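Chemist: Using only what follows, build the 3D model:
(one chain, ligands or ions: 1)
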Amino acid sequence: MELAQWYTLLLRAEFILAILTFVSLFFISAPYGRFERKGWGITLPAKYAWMIMESPAMLIPLYFFFAFADKQQLVLILFLLIWQFHYAHRTLIYPFQKSGGNRPFPLALVGMAIAFNCMNGVVISYSVFVKNTYATDWLFQWPFVLGLSIFLLGYWINKRSDSILKNLRAPTETTYKIPYGGLFKWVSNPHYLGEILGWCGWAILTWSVAGWAFVAYTFANLAPRALAHHQWYKANFEDYPSNRKALIPFIW
Ligand SMILES: NC(=O)c1ccc[n+]([C@@H]2O[C@H](COP(=O)([O-])OP(=O)(O)OC[C@H]3O[C@@H](n4cnc5c(N)ncnc54)[C@H](OP(=O)(O)O)[C@@H]3O)[C@@H](O)[C@H]2O)c1
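Modeler: Numbering: from 1, shown residues only. Next comes the predicted model:
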């Protein structure tokens, strides 16, 4: 099968997977972090799990850029840098900064995340480095400027919220506390909100269906978990702020 056919197939599969994921995660919470439980087979320390499962999302776009892209094209160089700004950090730095890095993480989940990141990596990379063409003046057009602004806003919200969560614990601690500060004032999961917003920014700045497929999957993956976190906080902390929503300030 040719690369273009793979792209079409995987793009469709990603939208279908988003729907299946969204529905199933309301019934089964992914068994890591506070929802870690027995019965999911072999585990490995969370920090290595994160590094391994996020690696394809960092490496596949690198491969596509060097194998297929016009490397003189400033727009494509910037796309690569923007993508890696998120994924190099998520793969190489975040796993070793987060708290609970030695907690068990099921190998089965690592396998599923690798499969998704391979699929999404091919779809995103083919879309921006092979299929679509972008002239240099794309950098001055509104989708790029608006999309990059939203991407950076989402990135900042995501990183700031991850950092607030990390600072809740001493290095070897594993207990859960109520997070305060930043967008935690309004929602229980600002890190997820930032993640979703950031990928909306990517979809706009690349003006690509592939980008929206990734947004659909990210939302499908994180919205049910955001609700589960929110309900967990309310069930475990009597003094949990009653005005906080799960994911979207003032709405949900
Ligand atoms: N694109 C996607 O589809 C996708 C999917 C998943 C995650 N992500 C991103 O990956 C990052 C991590 O996600 P996650 O699902 O692991 O988030 P999470 O379950 O909220 O956990 C994040 C980190 O904070 C700790 N933590 C969470 N709540 C805490 C509390 N109340 N008190 C003390 N420590 C707390 C966790 O420790 P424990 O490990 O001990 O719980 C973990 O180290 C986020 O930035 C998220 O947006 C993206």
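Chemist: pretty sure Trp207 is touching Trp142, no?
Modeler: No: judged on Cβ atoms under 8 Å, Trp207 makes no contact with Trp142 at a distance of 10.3 Å. No exception for glycine: its C-beta is placed from N, CA and C like everyone else's.
Chemist: where exactly do the strands run in the protein?
Modeler: 43-45, 104-106 (DSSP state E).
Chemist: ok, the first one near the ligand or not?
Modeler: Right, the one you point to is strand 43-45. No: contact of strand 43-45 with the ligand is not found when judged by Cβ under 6 Å from any ligand atom; the minimum separation is 10.8 Å.
Chemist: And Trp207 and Trp142? Which one has more around it.
Modeler: Trp207 (17 against 8; other Cβ atoms under 10 Å).
Chemist: Up against the ligand, what does the stretch 101-250 of the chain have?
Modeler: Residues of the stretch 101-250 of the chain lying close to the ligand (Cβ under 6 Å from any ligand atom) are 103, 158, 162, 165, 168-169, 174, 176-177, 179, 191-192, 195, 218, 221-222.
Chemist: The strands of the chain into JSON lines, with extra columns for distance to Leu92?
Modeler: Below are the strands of the chain laid out as JSON lines (distance: least, Cβ to Cβ, whole Å):
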{"stretch": "strand 43-45", "distance to Leu92": "16"}
{"stretch": "strand 104-106", "distance to Leu92": "17"}
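Chemist: Make a markdown table from these and add distance to Tyr32 and mean pLDDT to it.
Modeler: Output for the strands of the chain, formatted as a markdown table (distance: least, Cβ to Cβ, whole Å; pLDDT from 0 to 100):
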| stretch | distance to Tyr32 | mean pLDDT |
| --- | --- | --- |
| strand 43-45 | 9 | 98 |
| strand 104-106 | 5 | 97 |
